[in-house]
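Colleague: Can you look at this prediction? I've put the sequence above it.
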Amino acid sequence: MPRKPADNPAKAPGAKEKPSWQAIRISQIPSSVQRDEFAEMLQDLNEGGEGNVLSWSFCPDATTCYEDLYSVATVELRQTPQWLSKKTGRGLWETKYGTFVADMDFLGLTPLSSPPRNDTAVE
């Protein structure tokens with residue numbers, strides 16, 4: 001038997017609303033793009049108004065064979081960019097540094113920090 005709207009827990013009074021932000025992962029960023037250049041590129045994501053970018057991380061790709069070639073970033077936004085499909089959760093971000101892959105339904109490891117190689121010791 002289908003639920004009546006009043007019986008739907010998502011619509012019930014006191015039910016949690018969806019967060020007013022969206023986390024996306026941006027990958028395949030060439031290692032030639034530096035952290036400060038990426039920060040500059042994030043200004044393009046302020047299409048929803050100044051302050052659309054809430055927080056972000058940027059570091060070498062966690063996959064060992066790609067760490068010297070690519071970086072990966074996570075970005076927390078108030079509004080999802082137009083170029084990111086709400087249906088598939090994926091999109092391509094066109095920038096002056098190239099085209100990057102973005103997704104918001106990511107699974108798996110997405111690093112928030114990466115230690116420099118010379119600081120890593122194995123005993």
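Modeller: That came through fine.
Colleague: which strand residues sit across from residue 98 in the sheet?
Modeller: Assessed by DSSP bridges, residue 98 has beta-bridge partners residue 95.
Colleague: In terms of pLDDT, where does it sit?
Modeller: pLDDT for residue 98: 90.
Colleague: same thing with residue 73?
Modeller: 90.
Colleague: Got phi/psi on it?
Modeller: Backbone geometry at residue 73, expressed as degrees, to the nearest 10, gives phi -140, psi 150.
Colleague: pLDDT below threshold where in this protein?
Modeller: Applying pLDDT under 70 to the chain flags residues 1-19, 47-49, 64, 106-123.
Colleague: all strands of it, in order?
Modeller: Applying DSSP state E to the chain gives strands spanning 22-30, 53-60, 70-77, 90-95, 98-103.
Colleague: Just name the most buried of these.
Modeller: strand 70-77 (a mean of 21; mean count of other C-beta atoms under 10 Å). Where you see a C-beta, it was placed from the backbone N, CA and C, and this is true even at glycine.
Colleague: What is it packed up against?
Modeller: Applying 3 or more C-beta pairs under 8 Å, 6 or more residues apart in numbering; DSSP states H and E, we find strand 70-77 packed against strand 22-30, strand 53-60.
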